[in-house]
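>>> next input, structure requested:
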Amino acid sequence: MIQEAITHYLQKHSQTCLYPKAVLFDMDGVLYDSMRFHARAWYEVATRHHLIASIEDFYLFEGRTGEGTINELFQRTFHRNATEEETRTIYEEKSDLFRAYNDGTPMPGAADVLEKVKASGLQRLVVTGSGQHSLIDKLNHTYPGHFSREKMVTAFDVKIGKPHPEPYLMGLQKAGVKAHEAFVVENAPMGVEAAVAAGIFTIAVNTGPLPDQTLLDAGADLLYPDMNALANDWDNLMKAARRIQLTP
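Numbers count the residues shown, from 1 in each chain. Purely as a prediction, here's the structure:
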């Protein structure tokens with residue numbers, strides 16, 4: 001499966017080989033088991049403000065900026081964008097609920113993946129739609145020695161957000177690598193779309209309730225059921241990435 005995925009990626013992008021130097025990680029649903037709390041908070045606030053929404057929507061919307069999510073719901077419900085005041089109010093309410101619900105649980109297997117990536121000599125970066133000011137402190141507490149602020153892309157850094165490729169293009173820039181020199185690890189369809197649009201080999205981990213096919217339809221090159229499975233297969237992935245070369 002790995003060999004076929006890499007070969008297909010190289011053919012699609014007219015490359016002769018992968019040369020991994022960096023891994024760009026989404027955060028919620030990849031490094032932290034937090035999407036259930038985001039979805040709960042979003043749904044409760046949407047209901048409070050009479051916006052048409054389901055719990056599943058927020059797994060599908062994952063990766064958007066808060067403003068993007070709110071405008072999506074306003075267009076669906078009222079056929080207009082939210083005002084600045086409405087956006088500020090709703091996002092503050094959602095953020096307050098998320099902080100109350102979130103228990104900070106690391107995603108099982110994520111630490112093992114990070115150690116494997118580190119042992120492979122690859123950079124580790126975070127590319128997230130989150131706008132938490134204390135994010136780097138949180139990451140350093142959970143995963144000490146893996147991330148630095150200058151190697152992060154957050155909601156404060158981007159103008160458009162996922163599914164636009166801007167966040168991952170910025171991640172490549174911060175890592176100082178080209179698209180075929182990186183991997184992305186994502187759990188959300190919009191994040192997968194963003195990474196694929198940036199031309200990066202995209203590994204999906206289905207840690208949420210969406211069907212596998214949703215992530216494959218978004219363009220994922222490889223799919224794993226969780227981060228533990230990716231950790232267990234990491235050495236095979238790196239061997240294949242360094243071995244497979246296509247004739248120019």
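
>>> drop to CA atoms for contacts and neighbour counts, all remaining ones
Will do.

>>> give me the spatial nearest neighbour of residue 222, chain neighbours excluded.
The shortest distance from residue 222 to any non-neighbouring residue, by CA to CA, 6 or more residues apart in numbering, is to residue 203 (4.9 Å).

>>> what helix or strand is the one you found on?
strand 201-205 (DSSP states H and E).

>>> what is that strand packed up against?
With contacts defined as 3 or more CA pairs under 8 Å, 6 or more residues apart in numbering; DSSP states H and E, the packing partners of strand 201-205 are strand 182-186, helix 189-197, strand 222-224.

>>> how far does it sit from the chain's center?
Distance of strand 201-205 from the chain centroid (CA atoms, centre = their mean, to the nearest Å) equals 9 Å.

>>> stretch 185-201 now?
7 Å.

>>> in that stretch, what's buried?
Under the neighbour-count criterion of 16 or more other CA atoms under 10 Å, stretch 185-201 has 185-201 buried.

>>> ok, now stretch 76-96?
81-82, 86-87, 90-91, 93-95.

>>> okay, and which of those map to helices?
Using DSSP state H, 86-87, 90-91, 93-95 are the members of the buried residues of stretch 76-96 that sit in helices.

>>> looking at these, spot the one nearest residue 24.
Checking these against residue 24 by CA to CA gives residue 95 as the nearest, at 24.6 Å.

>>> per-residue pLDDT, the closest one?
You'll see residue 95 listed with a pLDDT of 91.

>>> could you point out which element follows the helix or strand of the chain with the lowest mean pLDDT?
Using mean pLDDT, DSSP states H and E, the weakest-scoring helix or strand in the chain turns out to be helix 135-142, at a mean of 87. Sequence order places strand 152-153 as the next helix or strand after helix 135-142, per DSSP H and E.

>>> and the next helix or strand past that next one?
Next helix or strand after strand 152-153 toward the C-terminus (DSSP H and E): helix 166-175.

>>> so residue 122 versus residue 9, what's the distance?
20 Å (CA to CA, to the nearest Å).

>>> check contacts around the residue nearest the centre of the chain.
Centroid-nearest residue in the chain, with CA atoms, centre = their mean: residue 26, separated by 2.9 Å. The contact partners of residue 26, by CA atoms under 8 Å, 6 or more residues apart in numbering, come to 126-128, 184-187, 191.

>>> could you give the mean pLDDT of the following helix or strand past the strand holding residue 203?
Scanning forward in sequence from strand 201-205 by DSSP H and E, the next helix or strand is helix 212-217. Averaged over helix 212-217, pLDDT sits at 97.

>>> so what does helix 212-217 touch, helix or strand wise?
Judged by 3+ CA pairs under 8 Å, 6+ apart, helix 212-217 is in contact with helix 189-197, strand 222-224.

>>> and those as a markdown table, adding distance to residue 238?
Formatted as a markdown table, the helices and strands packed on helix 212-217 follow (distance: least, CA to CA, whole Å):
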| stretch | distance to residue 238 |
| --- | --- |
| helix 189-197 | 19 |
| strand 222-224 | 13 |
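
>>> any chance of these in JSON lines, plus distance to residue 143 and mean pLDDT?
Formatted as JSON lines, the helices and strands packed on helix 212-217 follow (distance: least, CA to CA, whole Å; pLDDT from 0 to 100):
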{"stretch": "helix 189-197", "distance to residue 143": "22", "mean pLDDT": "96"}
{"stretch": "strand 222-224", "distance to residue 143": "22", "mean pLDDT": "98"}
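
>>> can you list the low-confidence ranges for the protein?
Residues of the chain meeting the criterion pLDDT under 70: 132-133.

>>> 80 instead?
130-136, 247-248 (pLDDT under 80).

>>> compare neighbour counts for residue 122 and residue 9 and give me the winner.
residue 9 (21 against 17; other CA atoms under 10 Å).

>>> show me the contacts for that one.
For residue 9, the contacting residues are 201, 221, by CA under 8 Å, 6+ apart.
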